[in-house]
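quick one, fold the following:
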Amino acid sequence: MIAAIRSENIPNLLVLQYSPAWRVQNILLVPYFFITESAIEKRKPLGEHARRKGWIGCNILLREIPPDGKLKMVSDGTATDAGEIRKQFHRIKPLADMKVDLRGWTLDVLKTIRKLNSTEFSLSDVYQFEAELAAMHPGNRNVRPKIRQQLQVLRDLGFLHFTHRGHYSTAYT
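Numbering: from 1, shown residues only. Alright, predicted model coming up:
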């Protein structure tokens, strides 16, 4: 899966939830460009007696995908207007044009911003997640400058607005 992500050879993900009566309750679309390495959890290799002995699978961790990348096509049994889904997709589509390694950082910073549950926040609020971001990207020794860079990227993509020095607001949630 990691190789597929790095080569951008990964499909969109559709998640279907249905009721015990086999009625569709929820359908979630996760565009391929929101599935990053930090959303993948490696599983243990298959055991000695398995037909595909040694094969290593993975889990896609939906909790690691920012809410912006989870488009609700059906929610609680009710279909979302197709025009609204297209509008949401159009908002996030510029992320698909980014290089894979940069997009991972951008989405990880976006995810930490969404964890703040606030439409306004400061740079110091985001710095609270410095250790978490450093653990996700162990090859980066300059985490704070990278956070600032990614905030600029998110601003340029329309996800954020700079209100004044070190303070931001979300463009939409």
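
how far away is the residue positioned nearest the centre of the chain from Arg51?
Residue closest to the average C-alpha location in the chain (C-alpha atoms, centre = their mean): Ile65, at 3.1 Å. Distance from Ile65 to Arg51, counting by C-beta to C-beta, to the nearest Å: 31 Å. In this view, the C-beta of every residue, glycine as well, is placed from N, C-alpha and C.

how close does the residue with the largest distance to the centre of the chain sit to Ile56?
Farthest-out residue of the chain from its mean C-alpha position, per C-alpha atoms, centre = their mean: His49, at 36.0 Å. Distance, His49 to Ile56, using C-beta to C-beta: 16 Å.

elements contacting the longest helix along the chain?
Ranked by residue count and defined by DSSP state H, the top helix of the chain is helix 100-115. Here helix 100-115 touches helix 123-127, helix 130-136, helix 143-156, going by 3 or more C-beta pairs under 8 Å, 6 or more residues apart in numbering; DSSP states H and E.

what pLDDT, on average, does that helix get?
Across helix 100-115, the average pLDDT comes to 92.

pull that helix out as CSV, backbone CA atoms only.
Provided in CSV are the C-alpha atoms of helix 100-115 (Å, rounded to 0.1, in the frame of the first residue of the first chain):
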residue,chain,number,x,y,z
VAL,A,100,3.1,13.0,-2.6
ASP,A,101,5.7,13.6,0.0
LEU,A,102,4.7,17.3,0.5
ARG,A,103,1.0,16.3,0.5
GLY,A,104,1.5,14.0,3.4
TRP,A,105,2.9,16.8,5.5
THR,A,106,0.1,19.2,4.4
LEU,A,107,-2.6,16.8,5.3
ASP,A,108,-1.0,15.9,8.6
VAL,A,109,-0.9,19.6,9.5
LEU,A,110,-4.5,20.0,8.3
LYS,A,111,-5.5,17.1,10.5
THR,A,112,-3.9,18.7,13.6
ILE,A,113,-5.7,22.0,12.8
ARG,A,114,-9.0,20.2,12.7
LYS,A,115,-8.2,18.6,16.1
